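Novice: Pasting the sequence and the predicted coordinates here, then a few questions.
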Amino acid sequence: MEKPKPVKRTNTCKNLKGVEVRNFACDIKKEATNIKQLDTGVMLGAFNPSLRAIQDKYAPPRTRTVTHRPSGLSSMDERAAQRS
């Protein structure tokens, strides 16, 4: 019985715990005052890329590669077959 090969997976995350909240909030307020639309859908469409840019400024995305190494024995039948 062969062991399964390791599987690599890439995760992207942001560290939001280290964000300076006051500066982050000020930048969001500045951006919100720049967008003046009556239609909510248009306003959200314009605000979303700006909010992402502000978030990337304060908490840049980090990419990590994780290797998952599964064990070769996943069920009781496989374990019994290996013992015999």
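Specialist: Good, I have the coordinates. Numbers count the residues shown, from 1 in each chain.
Novice: mind listing what the most centrally placed residue in the chain touches?
Specialist: Note on the chain: the residue nearest the mean C-alpha position is Cys13, at 3.7 Å, using Cα atoms, centre = their mean. Neighbouring residues of Cys13 by Cβ atoms under 8 Å, 6 or more residues apart in numbering: 61-62, 64. All C-beta spots, glycine's among them, are computed from the backbone N, C-alpha and C.
Novice: Quick check on these: which are buried?
Specialist: Buried by 16 or more other Cβ atoms under 10 Å: nothing, out of the contacts of Cys13.
Novice: still on that earlier bit, mind checking the backbone torsions on the residue nearest to the centre of the chain?
Specialist: When read as degrees, to the nearest 10, the backbone of Cys13 gives phi -140, psi 170.
Novice: would you put the C-alpha positions of stretch 9-23 in CSV?
Specialist: Taking C-alpha atoms only, stretch 9-23 is exported to CSV below (Å, rounded to 0.1, in the frame of the first residue of the first chain):
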residue,chain,number,x,y,z
ARG,A,9,-2.1,24.5,-1.2
THR,A,10,-1.6,28.3,-1.3
ASN,A,11,-3.4,30.4,1.2
THR,A,12,-3.7,34.2,1.1
CYS,A,13,-4.6,36.0,4.3
LYS,A,14,-4.3,39.5,5.9
ASN,A,15,-3.2,40.4,9.4
LEU,A,16,-6.0,42.7,10.5
LYS,A,17,-5.0,42.7,14.2
GLY,A,18,-2.0,45.0,13.6
VAL,A,19,-4.0,47.7,11.8
GLU,A,20,-3.9,51.3,13.2
VAL,A,21,-7.7,51.7,13.6
ARG,A,22,-7.7,55.5,13.8
ASN,A,23,-5.8,56.0,10.6
